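Visitor: the following block contains a protein sequence and its predicted model.
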2 protein chains.
Amino acid sequence: MPAALPLSAALLCLLSAPPKAPAKAAQAPSGPSPQVAEQLIGAALTDGHAYARLAELADGIGPRLSGSEGADAAVRWAKRSFEADGVKVWLEPVKVPHWVRGEGSARVLGSDTRREQKLAVLALGGSVATPPEGLTAEVVEVRSLEEVAALGDKVKGKVVFFNHSMAETKDYGPAAGLRTRGASVAAKAGAVGMLIRSLATASLRTPHTGALRYDEGVPAIPAAAVSVEDGELLHRLLASGPVKVELKLTCQTLPDADSFNVVAEVKGREKPREVVLLGAHLDSWDVGTGAHDDGAGVTMVMETARLLARLKPAPRRTVRVVLFMNEENGLRGGRAYAEAHAAELGEHVAALEMDSGGGKPLGVVLRSGPGGDALVKPWLRPLEVLGAGVLLPGEAGGADISPLVPARVPFVGVRVDASRYFDVHHSEADTLDKVDPKDLAHSTAALAWVSYVLAEVPGVLPRPEAPATPHP
Amino acid sequence: MPAALPLSAALLCLLSAPPKAPAKAAQAPSGPSPQVAEQLIGAALTDGHAYARLAELADGIGPRLSGSEGADAAVRWAKRSFEADGVKVWLEPVKVPHWVRGEGSARVLGSDTRREQKLAVLALGGSVATPPEGLTAEVVEVRSLEEVAALGDKVKGKVVFFNHSMAETKDYGPAAGLRTRGASVAAKAGAVGMLIRSLATASLRTPHTGALRYDEGVPAIPAAAVSVEDGELLHRLLASGPVKVELKLTCQTLPDADSFNVVAEVKGREKPREVVLLGAHLDSWDVGTGAHDDGAGVTMVMETARLLARLKPAPRRTVRVVLFMNEENGLRGGRAYAEAHAAELGEHVAALEMDSGGGKPLGVVLRSGPGGDALVKPWLRPLEVLGAGVLLPGEAGGADISPLVPARVPFVGVRVDASRYFDVHHSEADTLDKVDPKDLAHSTAALAWVSYVLAEVPGVLPRPEAPATPHP
């Protein structure tokens, strides 16, 4: 348990002031109250509970890939923790993929001019195994999916190496597409294996895993991420001639396993059927302990439920927390929730997912119909002391809540600083020490207040136009 | 091969100016010449040769722990490279330790309140193996060697965990003492195993190895470094109760192997028996490719020989380059050189070792008798453009040249920026990409000029007083 975080005098001062829009407050005497801001933000910033809870999850439970014992333990822990907080909780069944990493190794074979070199690799989640003796082939380097097709026959029998140029957080999206789709695009062109430079903004020979998706009707070929350093090594070696690698992976895909979304809620006092949904995902990769991804998000939404459950009276609407299972390699939890609750989605007045790590809060984003800003903006003032009292451009989203898009559920986001998130994301280095207790407390405070506002304001966000395809 | 580095106009201007001490220059018309500074520094900064050579060693040869095939390949490569440069070269035999890492793993055993957690570990170099089924014991955390003794019986049958607080480069010395001596100090108190938090200034779950030394008459117990993250995990877990770990190491110490110091020289035109010795170590750890430690040093001293060999006339004294074998886990090369050349050491007028990585040059340090400064200082001006034209406080040293201390050989050092050196030192992350081609070129240039000055100035450094014990 970390030392209690001091509540700054500035915060106390701001919290005791009336909200910025007195006219609005006057029109809605039963709207969000500054006293509640004081309670929620004050508690989140001073009691150290969020970080202690994250420690239980990261240090106590550890990795929790779908189907694993860790995932089961996390479900039991989450249920127990909600109960201890006096928050109503139940489990909703989900069948999840059960992929097991096994062992992985790779090396560049020696040649006349150089010795063999080991590569630091992690199989991509869902990858098939290589033959037990490994797979040996020449490497072809590409930077895009398009380049694979353009190379034609040159890819046949080779290992395709995707050497993208992810350097900053904003590069993750396009690079993730290579990781997800690269193996099948390469296999379609006749490749026998796939390597990708890790999607990482820092590296100390640290490979980063992540999910892949095999297209139907195309051979499933083994696929792995190499560390950034090894990606650069391959690039340098290829500059002076052919490079042959050996890849050994012993991954296994077992039959789907039984698991659960953990669902908890604080019932609304006036409109209990209207639901503000707060999501995060309880599963993590099997490397590291999923502290940022998504232990931090899990902690923030659990803490929000704990803090809201103590309010008397309860917020106007129901705040429901869903700890989704299997965000990382299947999204089964997100889909299962949308299916199981299809009949209620018309009354889901907002959905929010925390899944960008435990950084400090930066502001609020929305995905709603026109006029959503006007509902939220007047209530941002208590977030100013946290550095997050602004509506930011950009859309709110989240993988687990993306199946709610067709139901036109308005999305809200508390955006956190993710500038260092991809240093550790999906790697062995995603551990508790990377999460700053102060940042986590600040983001928890911001989320608690935003959640309360959504549950309490007299009106609700206008629903967005349904797009043709779900939000990614 | 990197793009050629531009030679700045400022440098050209400075180089063509006369040295700062015209009186001195007038007294010594045959002293170091500004035209030579232009040649040496100009070539080092523009031809990209140093980085290309380092790539051959790091990417082409890779890890080269004493006794390994990589070490043999490095010896052959170095000899071949000197020959290609037209530098006289020979091999001097050294018997070296032959330790083989094997496999290593460790985990915190689960308990009622937490699941098992894997630890990222690397056996310390020279460690004995654990039993094949592993060694399981409770952990006792300490911060110093003294604390082990103070704990008395509490250490018996336990794994002693040294959790020092290395945060900056300057903390390496004391922490290295724990790594070297900790296993025997712990064993003397009855411990059955030893763990140490990695000596590192950055970590992405990156363990750092390094040598240990077993005292005679004390049981040799298995010893390993855990990553910084895992050190912090152990510390957190211990705060809430006993922690049991399992450690498995399959290290082996084979019979001593035959190897070599690679010795090369540029014969002096006037005083060929007077030797300016430039050292670096050719061996590396078996993790990473030893790019900073000590590929960079090897490259700098080889490049210096190459550049000096092209001078006409040759420098006044002999410049001898020694690529020592086995600095990392035995210092056999350094000792063998001192023994084999005992009769010549009276004519070793200076010794210098480059073994702090490939950072940019900061200045020059000396370990000589009184008045050494006056010999070197007038010739530092060409280093100003490199940011290194200063005599720095502190002593010059180097593990491989430490056996020359009793012979009172004056030591010189070209100090490089090592502020990020311990991010990667002795870890899988010590790879070519961590060395900046520009910094390496600058340090090579500085070394080439300093070496030339030492070989060319009319006088020699006064010999230091012999200390009671060799310089560490």
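Guide: Everything's here; your move. Residues are numbered from 1 along each chain as shown, chains lettered A, B, ... in the order given.
Visitor: what about the strand or helix carrying residue A:447, average pLDDT?
Guide: Applying DSSP states H and E as the criterion places residue A:447 in helix A:437-456. Computed over helix A:437-456, the mean pLDDT rounds to 98.
Visitor: so how far is residue A:226 from residue A:179?
Guide: Distance, residue A:179 to residue A:226, by Cβ to Cβ, to the nearest Å: 12 Å. For the C-beta atoms, the positions are set from N, CA and C on the backbone; glycine is no exception.
Visitor: now for those two: what residues contact both?
Guide: Common contacts of residue A:179 and residue A:226 (Cβ atoms under 8 Å, 6 or more residues apart in numbering or on different chains): residue A:196.
Visitor: sec struct for the most centrally placed residue in chain A, please.
Guide: In chain A, the C-alpha nearest the mean C-alpha coordinate belongs to residue A:355, at 3.3 Å (Cα atoms, centre = their mean). State at residue A:355, reduced to three classes by DSSP: H, G, I helix; E, B strand; the rest coil: coil.
Visitor: check residue A:306 too.
Guide: helix.
Visitor: who are the contact partners of the residue nearest to it when sequence neighbours are not counted?
Guide: Leaving aside its chain neighbours, residue A:306 sits nearest to residue A:85 (4.1 Å; criterion: Cβ to Cβ, 6 or more residues apart in numbering or on different chains). Contact analysis of residue A:85 by Cβ under 8 Å, 6+ apart lists A:302, A:305-306, A:309.
Visitor: and for residue A:77?
Guide: For residue A:77, the contacting residues are A:56-57, A:60-61, by Cβ under 8 Å, 6+ apart.
Visitor: give me the distance from the helix or strand hosting it to the chain's centre.
Guide: Element membership of residue A:77 [criterion: DSSP H and E] is helix A:69-84. Helix A:69-84 sits 19 Å away from the centroid of its parent chain (Cα atoms, centre = their mean, to the nearest Å).
Visitor: in it, what's buried?
Guide: Across helix A:69-84, burial judged by 16 or more other Cβ atoms under 10 Å in any protein chain shown covers A:70-75, A:77-79, A:81-82.
Visitor: and which of those is nearest to residue A:444?
Guide: For those, the closest approach to residue A:444 (Cβ to Cβ) belongs to residue A:81, at 14.5 Å.
Visitor: and for residue A:303, the neighbour number?
Guide: Here the number of neighbours of residue A:303 (other Cβ atoms under 10 Å in any protein chain shown) works out to 28.
Visitor: could you check how far it is from chain B?
Guide: Look at residue A:303 and chain B: by Cβ to the nearest Cβ, to the nearest Å, they are 20 Å apart.
Visitor: isn't there a helix covering that residue?
Guide: Yes - under three-state DSSP, residue A:303 sits within a helix.
Visitor: test my guess that it contacts residue A:44.
Guide: Yes - with contact defined as Cβ atoms under 8 Å, residue A:303 reaches residue A:44; the gap is 6.6 Å.
Visitor: what touches both of these two?
Guide: In contact with both residue A:303 and residue A:44: A:50, A:444, A:448, using Cβ under 8 Å, 6+ apart.
Visitor: could I get those residues as CSV with neighbour count?
Guide: Below are the shared contacts of residue A:303 and residue A:44 laid out as CSV (neighbours: other Cβ atoms under 10 Å in any protein chain shown):
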residue, neighbour count
A:50, 32
A:444, 34
A:448, 29
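Visitor: which of the residues you listed lies closest to chain B?
Guide: residue A:50 (15.8 Å; Cβ to the nearest Cβ).
Visitor: now do the contacts for the closest one.
Guide: Residues near residue A:50 by Cβ under 8 Å, 6+ apart: A:44, A:299-300, A:303, A:437, A:440-441, A:444.
Visitor: quick revisit: who wins on neighbours among the contacts of residue A:85?
Guide: Busiest of the contacts of residue A:85 [other Cβ under 10 Å] is residue A:302, holding 29 neighbours.
Visitor: how near is that one to residue A:283?
Guide: Residue A:302 is 15 Å from residue A:283, by Cβ to Cβ.
Visitor: likewise residue A:121?
Guide: From residue A:121 to residue A:283 the distance is 22 Å (Cβ to Cβ).
Visitor: any idea how far residue A:235 lies from chain B?
Guide: 10 Å.
Visitor: ends of stretch A:209-225, how far apart?
Guide: Its first and final residues considered, stretch A:209-225 spans 6 Å by Cα to Cα, to the nearest Å.
Visitor: flag every buried residue along it.
Guide: A:209-212, A:214, A:220-225.
Visitor: pLDDT of that stretch, averaged?
Guide: Per-residue scores along stretch A:209-225 average to 98.
Visitor: from the chain's centroid, how far away is that stretch?
Guide: Offset of stretch A:209-225 from its chain centre (Cα atoms, centre = their mean): 21 Å.
Visitor: same thing with stretch A:405-418?
Guide: 12 Å.
Visitor: what's the answer for stretch A:120-138, then?
Guide: Worked out by Cα atoms, centre = their mean, stretch A:120-138 lies 26 Å from the chain centre.
Visitor: spell out whether that stretch and chain B are in contact.
Guide: Yes - applying Cβ under 8 Å from any Cβ of the partner chain, one finds stretch A:120-138 touching chain B at residue A:120.
Visitor: how far does that stretch stretch from start to finish?
Guide: One end of stretch A:120-138 to the other measures 18 Å (Cα to Cα).
Visitor: one more: stretch A:286-293?
Guide: First residue to last in stretch A:286-293 (Cα to Cα) measures 11 Å.
Visitor: mean confidence for it?
Guide: Rounded mean pLDDT across stretch A:286-293 is 98.
Visitor: give me the contacts around it.
Guide: A:54, A:57-59, A:61-65, A:68, A:70, A:101, A:122, A:209, A:283-285, A:295, A:355, A:357-358, A:421, A:424-435, B:117, B:205.
Visitor: wait, doesn't residue A:106 sit right on residue A:247?
Guide: Yes - shown here, residue A:106 and residue A:247 form a contact pair, counting by Cβ under 8 Å, at 4.6 Å.
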